Every structure is written in structure tokens, then in C-alpha cells.
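Student: sequence plus the predicted model coming up.
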Amino acid sequence: MSTSLAASVVIPTRNRANLLALTLRSVLGQRDVDIEVVVVDDGDGPETAALVNALEDARVRLIRNSEPRGECGARNCGVAAAQREWVAFCDDDDLWAPDKLFSQLVAAADEHAAWVYAGHVEVDLHLRVLSGSPPPSPDEVIRDLGRHNSVPAGASNVVAKSDALAAAGPFDTTLRTSGDWDQWLRLARTAGRPACVPRPFVALRVHPGMVSRRADWILNDIEVVARRYGIPVDRARHHRWAAWMSLEDKRRGVALKHYAKAVAAGDWLSVGRAVVALLDPGIAQRRIAADGPWAREARVWLDELLAGVRR
């Protein structure tokens, strides 16, 4: 293994050992990068410690918060404990391709960038690819950060230099769903343009317990971010997303209210979306496996990950 590339991986978790197990497998499977993994247990159950201890892997350290600090607070604890020049973040329900970190660190070095992201797919709990497409370019990310979280796949996608994170400041623990967006806004201002690896190297597992499904938290957080930075947040985009999440949860009335708010924010196309939701209330439950080159590339490493579990 090449030891010229090294990174700390910070994984915040709270009482989700059933999801964390596969996440850890994918992180520990990184190739050609010397990693340390800092698991920050923000919960109160014994399952996380038992899982980490059973690994018997010296690369993994467990930090347990004496009281819950939230996802952003747990990330801050992990960053403080990290000992490598680069820090990568991975949520406890997301998965990585084995070449993710290596490719990102090489791209960051080539671009002289202090932070870097990649592309992603969404998968179900059986790791079937549901959606995904190539990520926006770095210039597009910088352009759009003032309207929405334009870095795809959230925190699980980003690797940043530890000194760049220190200059940007800690994750804001008052933000329950937009702490990563707030962090990228500050990183962009202090560290400049990121690098990008346009490959489907991150998989977001879609499940009912996703924090990102809390529309009330997200809509509250975006107003905080808008006021803090004086930016024209794309409220229509966020209401469209909230409407779709509501349809997936079979709350059609709530979805229609969000579409109405999207229309009020200037998105007239959401009138048509609302009509479709009225005529076909089950549309959001009929998600089928995605196809195409992007999905097929992701399925290669996802199938390898599943095969490793079955062995």
C-alpha cells in the first residue's frame, strides 16, 4: 500500500449499528490510502461499541460522547480527534466505493484544492440503485451554493484539509440538517474552489430514518442560513423536495401544501406536479432500479460490497 496518501475518516453515529456495520466495511475497504477511522458515538446504547470492538481493527478508534451533541457536534468531536492532514466525513448510513478516497486526494493535489467531492447514487436497503447522475462541476457548485446545498450527497462526499476546516470554523451545532451546507459556504469563502471526481463513488441509502426526510427541520434551517449569509435561498426547490418526501410517506395533503408553497415562491411548474400528485397518489412509491452507465458503474462496487458481506 502507498502511504503517501493519508486521511482521517470521521463517522458520527447514534444507535444505528445495524446500518453502521456496512458503512464501516466500505470505509475500511479503501485502497491505497493510509486511513484512521474515528467513530463518534453520540448515542447511549452498547451496540456501537460492540460492533467496533468486534472488528479488531487498529485503524478504528471509538469516541463516546457523555451526552448527545447532535450530528454536527459529533463531527466536531471527530475533527478534533483526527490526526491526519486530510479529513473525510461519512454518515453512518452511507457507503463508499473502494477507490473514493484515493481518487479524491489525487484530484485535490492535481487541482491544488483544499477540499474535494465526488459523484453519488441513491440506493435502497438492498443496494439497488434508485437514482443518480454526474455531479455539478466545481464552478457550478460555487455558483449555486448561495441558493441550495449544491455539493451532492451531503457530508459523506467531502474530504478537506484539516487546516482548511480549522480556518472555516466548526460545524454549527444549532443546525440539524444544513450544518454541512453552512460548512461548505464557509469553506468556499476561506479555501476557494473545490476539486471534483465525477464518478459515482458515494451511495446514499434511502430509508425512513434519514434525517434529511425531516422537512420541518430543513425548511427552518434554510431560513437560518439565508439570514446568516444574506443569500437568495431557492425556497421553491426545497418545497418541491419536501413535497416529494411527503408523497413517499403517503402524506398527499402535506405534499400538496408544499407544492402550493413552491408555486408561491415562483415555481409555476409545480402546479402540474400537484395535479399529477392528485391524479396518481402512488407515484412516489414506484421507484424502480435506475439503469444507464452511471448506475451500472456504481453497481459494480456495490455488488462487490454485498458479495463481501455474504462470504
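Tutor: It's in.

Student: going by C-alpha atoms from here, please, whenever you check contacts or count neighbours.
Tutor: Fine.

Student: biggest strand in the chain by residues?
Tutor: Taking DSSP state E as the criterion, the chain has its longest strand at strand 195-205.

Student: who's in contact with that one?
Tutor: 93-97, 99-100, 103-104, 107-108, 111, 113, 115-125, 127, 132-135, 137-138, 153, 156-157, 294-295, 297-298 (Cα atoms under 8 Å, 6 or more residues apart in numbering).

Student: so Asn15 sits against Leu51, correct?
Tutor: No: taking contacts as Cα atoms under 8 Å, Asn15 lies outside contact range of Leu51: 11.3 Å.

Student: what about the helices in the chain?
Tutor: In the chain, the helices defined using DSSP state H lie at 17-28, 47-55, 70-81, 100-111, 138-144, 162-168, 179-191, 215-229, 235-248, 252-264, 269-279, 293-310.

Student: and those helices as TSV, adding mean neighbour count?
Tutor: Output for the helices of the chain, formatted as TSV (neighbours: other Cα atoms under 10 Å):
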stretch	mean neighbour count
helix 17-28	19
helix 47-55	15
helix 70-81	22
helix 100-111	20
helix 138-144	16
helix 162-168	17
helix 179-191	20
helix 215-229	16
helix 235-248	22
helix 252-264	21
helix 269-279	16
helix 293-310	15
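
Student: by mean pLDDT, show me the worst of those helices.
Tutor: Among the helices of the chain, helix 269-279 carries the lowest mean pLDDT, at a mean of 83.

Student: contacts for that helix?
Tutor: 240, 247, 252, 255-256, 259-260, 262-263, 283.

Student: related to what we said a few turns ago, any chance of a markdown table for the helices of the chain, columns distance to Val38?
Tutor: Listed next are those as a markdown table, based on distance: least, Cα to Cα, whole Å:
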| stretch | distance to Val38 |
| --- | --- |
| helix 17-28 | 11 |
| helix 47-55 | 10 |
| helix 70-81 | 6 |
| helix 100-111 | 15 |
| helix 138-144 | 28 |
| helix 162-168 | 14 |
| helix 179-191 | 18 |
| helix 215-229 | 27 |
| helix 235-248 | 31 |
| helix 252-264 | 38 |
| helix 269-279 | 43 |
| helix 293-310 | 21 |
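
Student: nearest to Ser4, out of the ones you listed?
Tutor: Counting by Cα to Cα, Ser4 lies closest to helix 100-111 out of the helices of the chain; the figure is 10.4 Å.

Student: report the angle between that closest one and helix 17-28.
Tutor: 50 degrees (axes from the mean of the first three to the mean of the last three Cα atoms, to 10 degrees).

Student: if we can go back for a sec, partner strands of the longest strand of the chain, parallel or antiparallel?
Tutor: Partner strands and pairing direction for strand 195-205 (DSSP bridges) are strand 94-96 (antiparallel), strand 115-123 (parallel).

Student: quick one, that strand and helix 293-310 angle?
Tutor: Strand 195-205 and helix 293-310 are oriented at 60 degrees to each other (the same axes, to 10 degrees).

Student: quick check: buried residues in strand 195-205?
Tutor: 195-205 (16 or more other Cα atoms under 10 Å).

Student: and that strand, how far out from the chain's middle?
Tutor: 10 Å (Cα atoms, centre = their mean, to the nearest Å).

Student: hey, C-alpha coordinates of it in CSV?
Tutor: C-alpha atoms of strand 195-205 as CSV (Å, rounded to 0.1, in the frame of the first residue of the first chain):
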residue,chain,number,x,y,z
ALA,A,195,-11.9,19.8,-6.8
CYS,A,196,-14.2,17.1,-8.2
VAL,A,197,-14.1,13.4,-9.1
PRO,A,198,-17.0,12.8,-11.5
ARG,A,199,-17.5,9.2,-10.6
PRO,A,200,-20.3,7.5,-8.6
PHE,A,201,-18.2,6.9,-5.6
VAL,A,202,-20.8,7.5,-2.8
ALA,A,203,-24.1,5.7,-2.2
LEU,A,204,-26.8,7.2,0.0
ARG,A,205,-29.0,4.6,1.5
